[in-house]
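Asks: dropping a prediction and its sequence here:
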Amino acid sequence: MQPRDFCPALEIAGLSKSFQHPAVDKLDLTVKPGEFYMLLGPNGAGKTTTLRMVSGLLQPDAGSIRVFGVDAMREPIAAKKLIGWLSDEPMIYDKLTPLEYLEFVSGLWGVEPKIAETRARGLLGWLDLERHANERCEGFSRGMRQKVALAGALVHEPRLIILDEPLTGLDAQSARLVKNVLADRVQAGCAVIMTTHILEIAERMADRIGVIAHGRLVAEGSLSELRVRVGHSTLEEIFLSIVEEAA
Amino acid sequence: MTAPGSRLWFARHELRLAWRETMAMMTAGRAGRERQVAIGAAIVIVILHFVAFAALRHLNVTALVGDLSTRIAVTAAMILTGSAMLSQAMENVTRTFYTRSDLELILSAPVAAERLFAVRVGGTALSVSLMSLFLLGPFIDVLALEGGMRWFGAYGVIVAVSFTATALGIVLTVLLFQIIGPKRTRLAAQIAAALIGGAFVIGLQLAAMFSMGSLSRTAFLLSPFVAAHAPGPASVFWWPARAALGGTTALICVLAASACLLFATIALCVPRFAAYAIAAAGTSGRRVSGAGRRRGFRVRSAAAALRRKEMLLLARDPWLISQSLMQLLYLVPPAALLARSFSSGSRAAIVLVPVLIMAAGQLAGGLAWLTISGEDAPDLVLTAPVTPTRLLRAKVEAVMASVAIVFAPLVFGLLFVSLWLAGVAACGIAASAASATVIQLWFRAQARRSHFRRRHTSSRIATFSEAFSSITWAAAGAVAAAGSWFAGIVALIALAILAGVRLMSPARTNYTGTLKKSGTGRPIEAR
């Protein structure tokens, strides 16, 4: 099935997942194309579980996930083609160079080799990794590894970018680079859904913010909408107030 | 109550960690299985006693009174055990330098780090002894039962050999560190350890093959050639054998000498260990450049991408290669035998067939674990738009291709000796490798590639069934090579074993099966 442009980038309905206790509980959530959606929540709220289900890394117990209109549970391959996933723990291969890693990722997503190479070199340049393009990743710092993993998540030009704490361990300069890359993608019409504990970033980058607690979406809206609803000025105060209310 | 930072305090700390790690390994990290492990260990000990009894039943133990043949046999057994102990000791000492875990905490603490290192080296001697006592103890018990209490002296000799092996392990590792530096020592020490572990057996086999035209180590050891070149009866060389045969004075001397050697080595070498550990830490930031510079992107499909990735990772990890291909070292004597058979036209090459089949199964099992379970980026692979079947097929293809690359030259060589033997070997290698691969497929559990040496802990059933399968296919190959139709029945038994293993394997619906349980999707660490 071809993705439909008029569809939401991500449409989650009644999504549930339990381990020993419910981690995600009948969650409904929608992200529009060209939107930067920030998913906030205290530790153990169900953010990562939600994103892992969307990415196809976890099987939901109930509910539905649609990526640009494609049913991710019925057509996982078609949905995965549209998604780029990055976790907080950069999982790359130590013995491959960034270019080889990106060639591997491009191969997995079936990107034409010439196009893939151009994109890979562009991304590595953008992320200030050009000088290290032919060095094996085994000696890379955590920040460099995270940037290589981000390049991998973007090299097939996904329309929905899912990021779980992508700025963990990055220095200010690298964080700025990553934020710029993501902002560019959003401007190009991609949707980004991201979790973070750094509320400053959420405040500055998000078009919409969703607060999740106990596996449920307890508040959602733009920063100004949330301010009006909760009556605080900073996101930190808003967040704490919402979480306290949910508890 | 021991003073914090003292040797005793560190010993308690290390003992607690070692105990917990051992239990985690034995129980595969599952809580509440301690009783089962204890029962299992007791059963293994009983079985080992039966094995020892079966192995020694034809031996007239009372006649073993210290003649030259007995001394040669006992000394050879001790050298064999000692080489395995030395190999283990070198691995442990190397790990002491390179494993970071708590080392940075200890090195940054205001305590004398050499105390910890001394305790860790002592722990190495202890673990090396215990493992050998566990495996050889039943044989000593049977010898004592049939030949008298004097044989219990062999327990003391094992301890002495372990002390000596640990001391030698320390010296060799430190020498490597001094000569080739911290960057290369890790790999070199691991390869050296593996070579030392197999060198004595392989050396004996080669000597037997070239002097007697067979692979029998016993026949070689008891040959007039060895007897003629052995030291005189009064030589110190025979003291360990005398101690094992009940010589109390010899036992005391051997134990005292080995303990002095170990303590002197610890006193001389261990104070430098902290500096070595710091130097080893400085090697982690190395960057290897140059690879991939000359070629542009070529990979067009997911399957090709996976195959290329697996091949690159295997080719670029010399440590993994050394670990998985070390089994192939044991192919050297059969390969020499093949060369000899080729020139002499003898039928001795028949013994090659089961050896090749067995080795293929073992190699395929290791490689299959690396490619199927040892995935360092599971998230990436699982989020790719590739069906689980395609994913696994590409991984299996990489394993089978690697096995083919290794064994094709040997089968080709066999072709010049006998077409029938080459055909049987090729079929057996394919069957054995495929069986080992599917077993790894059925018992897959996400782990890091660096945990390769601990892969056996994830599933004991997988480990044993892989070994049984390879042995059965090797037996089928041996019978077929001898030209008997009975080979078909043995092959059916091998298939029945596979079917049984399939029934015991965890139910899996797709590649994400293991991730459903872990929830986080992080590789399940081999505990």
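Replies: Looks like it arrived, so ask away. These numbers come from a predicted model, not from an experiment.
Asks: ok, now which ones touch residue A:203?
Replies: Residue A:203 is in contact with A:223, A:234-235, counting by CB atoms under 8 Å, 6 or more residues apart in numbering or on different chains. No exception for glycine: its C-beta is placed from N, CA and C like everyone else's.
Asks: hang on, residue B:139 packs against residue B:52?
Replies: Yes. In this structure, residue B:139 is within contact of residue B:52 by CB atoms under 8 Å, at 4.3 Å.
Asks: circling back to that earlier point, from the contacts of residue A:203, which single one is nearest residue B:171?
Replies: Nearest to residue B:171, judged by CB to CB, of the contacts of residue A:203 is residue A:235 at 61.9 Å.
Asks: just the CA trace of the helix or strand hosting residue B:47, in PDB.
Replies: Assigned by DSSP states H and E, residue B:47 falls within helix B:34-56. Output of helix B:34-56 as PDB, limited to C-alpha atoms (Å, rounded to 0.1, in the frame of the first residue of the first chain):
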ATOM      1  CA  GLU B  34      20.300 -23.100  42.600                       C
ATOM      2  CA  ARG B  35      18.900 -26.400  43.800                       C
ATOM      3  CA  GLN B  36      18.600 -27.700  40.200                       C
ATOM      4  CA  VAL B  37      22.200 -26.600  39.600                       C
ATOM      5  CA  ALA B  38      23.400 -28.500  42.700                       C
ATOM      6  CA  ILE B  39      21.500 -31.600  41.700                       C
ATOM      7  CA  GLY B  40      22.800 -31.300  38.100                       C
ATOM      8  CA  ALA B  41      26.400 -30.900  39.300                       C
ATOM      9  CA  ALA B  42      26.000 -34.000  41.500                       C
ATOM     10  CA  ILE B  43      24.700 -36.000  38.600                       C
ATOM     11  CA  VAL B  44      27.600 -34.800  36.400                       C
ATOM     12  CA  ILE B  45      30.100 -35.900  39.100                       C
ATOM     13  CA  VAL B  46      28.400 -39.300  39.300                       C
ATOM     14  CA  ILE B  47      28.400 -39.600  35.500                       C
ATOM     15  CA  LEU B  48      32.100 -38.600  35.400                       C
ATOM     16  CA  HIS B  49      32.900 -41.400  37.800                       C
ATOM     17  CA  PHE B  50      31.200 -43.900  35.600                       C
ATOM     18  CA  VAL B  51      33.000 -42.500  32.600                       C
ATOM     19  CA  ALA B  52      36.300 -42.700  34.500                       C
ATOM     20  CA  PHE B  53      35.500 -46.300  35.500                       C
ATOM     21  CA  ALA B  54      34.700 -47.200  31.900                       C
ATOM     22  CA  ALA B  55      37.800 -45.600  30.600                       C
ATOM     23  CA  LEU B  56      40.100 -47.300  33.200                       C
END
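Asks: who does that helix touch, helix- and strand-wise?
Replies: Under the contact definition 3 or more CB pairs under 8 Å, 6 or more residues apart in numbering or on different chains; DSSP states H and E, helix B:34-56 sits against helix B:7-26, helix B:113-147.
Asks: mean pLDDT for these: which is lowest?
Replies: When those are compared on mean pLDDT, helix B:7-26 scores lowest, with a mean of 82.
Asks: so how far is it off the chain centroid?
Replies: 23 Å (CA atoms, centre = their mean, to the nearest Å).
Asks: list the contacts of it.
Replies: With contacts defined as CB under 8 Å, 6+ apart, helix B:7-26 is touched by B:2-3, B:33-34, B:37, B:40-41, B:115-116, B:118-120, B:122-123, B:127, B:454, B:457, B:527.
Asks: can you list the weak-confidence ranges in the stretch 301-450 of chain B?
Replies: Where the stretch 301-450 of chain B drops to pLDDT under 70, the residues are B:318-320, B:322-349.
Asks: closest point of the stretch 1-150 of chain B to chain A, which residue?
Replies: residue B:98 (13.7 Å; CB to the nearest CB).
Asks: ok so, going back, what is the rounded mean pLDDT of the helix holding residue B:47?
Replies: Mean predicted confidence for helix B:34-56 is 85.
Asks: now that helix: buried residues?
Replies: Using 16 or more other CB atoms under 10 Å in any protein chain shown as the test for burial, helix B:34-56 gives B:48-49, B:52, B:56.
Asks: and residue B:421, how far from residue B:400?
Replies: Here the distance between residue B:421 and residue B:400 works out to 22 Å (CB to CB, to the nearest Å).
Asks: what about these two, which has more around it?
Replies: Neighbour totals were compared for residue B:421 and residue B:400, and residue B:421 leads with 24 against 17 (other CB atoms under 10 Å in any protein chain shown).
Asks: mind listing what that one touches?
Replies: Listed by CB under 8 Å, 6+ apart, the contact partners of residue B:421 are B:349-350, B:352-353, B:414, B:481.
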